[in-house]
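Undergrad: Quick one, structure for this:
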Amino acid sequence: MRRPTAPLVRCALALGLLLAAVGCGGPEKERVTIMVPWSGTEFKAFYSVIEAFEDRNPGIDVEPQVTRALTQQLDAAVAAEAAPDLAVLPSVGAISEYRKDRALRPLAVDTAAYAEPFRELAMEDGDVYAVPVKADVKSLVWYDATGVAPPPPRTWTALRARPESWCLGLESGPTSGWPGADWIADLLLAEAGAETYEAWVSGDLKWDSTPVEEAWRAWGDLIESAPAGAATRAFSEATDGMTDNSCSLGHGALSAMGFEPDRVEPGRYTYVTPSPDRVLEVSADFVGKFTGNNDSADKLISYLASEQAQQAWVDAPGFALSANRKVTAYGNDTQERIAGMLRSGYTLCFSAADAMDPDVSAAFYRAVLEYANGKELPALLEALNKVQRAMRDSPPPTPLCGTPKHA
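TA: Numbering: from 1, shown residues only. Okay, here's the model as predicted:
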């Protein structure tokens, strides 16, 4: 990872902390800093959990550090030896890198209630290095049941023949392109199976191999019907087209779709899973610890992993899911049905780009944008092969797939 000059960053971060402290009064509290990427409804849901923790621990003050460029900010802070106590790690690839650099601290947290593959991906040699605090199922095709008839078919081959247009937005700040990367991975997983999927993510299957290239071309066929300008349209705004009938089908996790709560109800916005072999692409936001000798940080991360906090998180607005198998009650029927797939019956495979080396993921996202803008696929896949070859000494964490059992 490219890191800034440590003394300069350390001074800048220290100055910011000093300025933030000016004017503070009252009894001194134990401070816990946590870096998060969330905003809007996602942040409100997270902060409601933090407020409940502070109510139970009046001597602890939790200070969220919010940033859209979390990876870059966290890299800089770690390089400057000024890391936050805790940080959200949006990929298992990042967990692996920070663990290898000895930046992540092992946790005294019981994660036995968490489903696979979420639990084992955050562990090494029996030690827990991160907690999956928020999960998602990405293999969902969304539609408005009042406007799309008959319902969408349950295979990607049949979906490619449907006349409806797809809602698509690929812009997402520093990680623009990820919605297409998730979609291509989902196509490969559904059509070629978990074994082929894992071989591709690990680098054993080349980017221009037949199954991978077919997944890219299938995605290209699907998005031909999407409204123009997908590469610069915000993903958070893509499904707005469902309300004005400019598009009718969407792909992705419920929490990312931006639906108004009153539309996610039986008989309105609902989904199909085009995976005849019951294999799903999933993801999670993990929290890891970067500092030592802070009992308050240990208390907070243990609380975030608890059934009580996880239940509060899924009860808050934002349609969060929990990988904790003891959390089974959801206020929204659609949200509860999706969460049920995390507990049993489906094989869950972690999101490909999230499991790849961060440099490979970044190249994947760029290639998605270029392909959406009309660049020829063979050149893009060969470029991705070159990036992958350079990263052969950084294998992804395993296992990427697992089949959860009931708690």
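Undergrad: Which parts of the chain belong to which domain?
TA: 28-136+283-344, 137-281+350-402 (automatic domain parsing).
Undergrad: Give me the phi and psi for P106.
TA: Per-residue torsions, P106: phi -60, psi 150 (degrees, to the nearest 10).
Undergrad: Who are the contact partners of it?
TA: D127, V128, Y129 (C-beta atoms under 8 Å, 6 or more residues apart in numbering). Bear in mind the C-beta positions are built from the backbone N, C-alpha and C, glycine included.
Undergrad: how close does the second one get to P261?
TA: Applying C-beta to C-beta, to the nearest Å, the value for V128 to P261 is 34 Å.
Undergrad: cool, and the last one?
TA: Here the criterion is C-beta to C-beta. By it, Y129 lies 35 Å from P261.
Undergrad: how about stretch 248-268 as PDB, C-alpha atoms only?
TA: Coordinates of each C-alpha in stretch 248-268 appear next as PDB, following Å, rounded to 0.1, in the frame of the first residue of the first chain:
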ATOM      1  CA  SER A 248     -38.100  -1.600 -14.000                       C
ATOM      2  CA  LEU A 249     -35.500  -4.100 -12.600                       C
ATOM      3  CA  GLY A 250     -32.700  -3.600 -10.100                       C
ATOM      4  CA  HIS A 251     -29.900  -5.800  -8.800                       C
ATOM      5  CA  GLY A 252     -28.300  -5.700  -5.300                       C
ATOM      6  CA  ALA A 253     -28.700  -5.800  -1.600                       C
ATOM      7  CA  LEU A 254     -31.800  -4.400   0.000                       C
ATOM      8  CA  SER A 255     -29.900  -1.900   2.200                       C
ATOM      9  CA  ALA A 256     -28.200  -0.500  -0.800                       C
ATOM     10  CA  MET A 257     -31.200   0.000  -3.100                       C
ATOM     11  CA  GLY A 258     -32.400   3.300  -1.500                       C
ATOM     12  CA  PHE A 259     -36.100   2.100  -1.300                       C
ATOM     13  CA  GLU A 260     -38.500   4.100   0.800                       C
ATOM     14  CA  PRO A 261     -39.700   1.800   3.700                       C
ATOM     15  CA  ASP A 262     -43.300   2.000   2.700                       C
ATOM     16  CA  ARG A 263     -42.500   0.500  -0.700                       C
ATOM     17  CA  VAL A 264     -40.800  -2.600   0.700                       C
ATOM     18  CA  GLU A 265     -43.900  -4.500   1.700                       C
ATOM     19  CA  PRO A 266     -45.700  -7.600   0.500                       C
ATOM     20  CA  GLY A 267     -47.200  -7.000  -2.900                       C
ATOM     21  CA  ARG A 268     -45.000  -4.000  -3.700                       C
END
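Undergrad: got the domains of the chain as CSV, with mean pLDDT columns?
TA: Output for the domains of the chain, formatted as CSV (pLDDT from 0 to 100):
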stretch, mean pLDDT
domain 28-136+283-344, 94
domain 137-281+350-402, 93
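Undergrad: Phi first, then psi, for V287.
TA: Per degrees, to the nearest 10, the backbone of V287 is at phi -120, psi 130.
Undergrad: Over to the closest residue to L300 other than its chain neighbours. Which of the three states is it?
TA: What sits nearest to L300 in space, not counting adjacent residues and going by C-beta to C-beta, 6 or more residues apart in numbering, is V32, at 5.3 Å. Three-state call for V32 (DSSP: H, G, I helix; E, B strand; the rest coil): strand.
Undergrad: Give me the distance from stretch 309-322 to the chain's centre.
TA: Distance, stretch centre to chain centre, for stretch 309-322: 15 Å (C-alpha atoms, centre = their mean, to the nearest Å).
Undergrad: list the buried ones in it?
TA: 309-316, 318-322 (16 or more other C-beta atoms under 10 Å).
Undergrad: S248: which of those is nearest?
TA: Checking the buried residues of stretch 309-322 against S248 with C-beta to C-beta, the nearest one is F319 at 20.7 Å.
Undergrad: Checking my notes, the closest one in a strand, right?
TA: No. Under the criterion used here (three-state DSSP), F319 is coil, not part of a strand.
Undergrad: Could you find the closest non-adjacent residue to A329?
TA: Q311 (7.0 Å).
Undergrad: Tell me who's in contact with A69.
TA: With C-beta under 8 Å, 6+ apart, A69 has these contacts: G173, P174.
Undergrad: May I have the phi/psi pair for it?
TA: Per degrees, to the nearest 10, the backbone of A69 is at phi -100, psi 60.
Undergrad: What of the one 5 residues further on?
TA: Recorded main-chain torsions at L74 are phi -70, psi -40, according to degrees, to the nearest 10.
Undergrad: Who does the nearest residue to it once chain neighbours are set aside form a beta bridge with?
TA: Spatial nearest neighbour of L74, excluding adjacent residues (C-beta to C-beta, 6+ apart): A87 at 5.4 Å. Residues in a beta bridge with A87, per DSSP bridges, are M35, G288.
Undergrad: surely P399 meets P117?
TA: Yes. When contacts are counted by C-beta atoms under 8 Å, P399 is listed as touching P117 (5.7 Å).
Undergrad: picking that back up, how many residues are close by the residue nearest to L74?
TA: The local packing of A87 (other C-beta atoms under 10 Å) involves 30 other residues.
Undergrad: returning to that earlier point: where does the residue nearest to A329 land in three-state SS?
TA: On the basis of three-state DSSP, Q311 is classed as helix.
Undergrad: Might you report the residue contacts of it?
TA: Taking C-beta under 8 Å, 6+ apart as the test, what Q311 contacts is S322, V327, A329.
Undergrad: which one of those sits closest to G173?
TA: S322 (26.0 Å).
Undergrad: Now do the closest one against Q311, distance only.
TA: Per C-beta to C-beta, S322 is found 8 Å from Q311.
Undergrad: Please consider this matter closed, and thank you.
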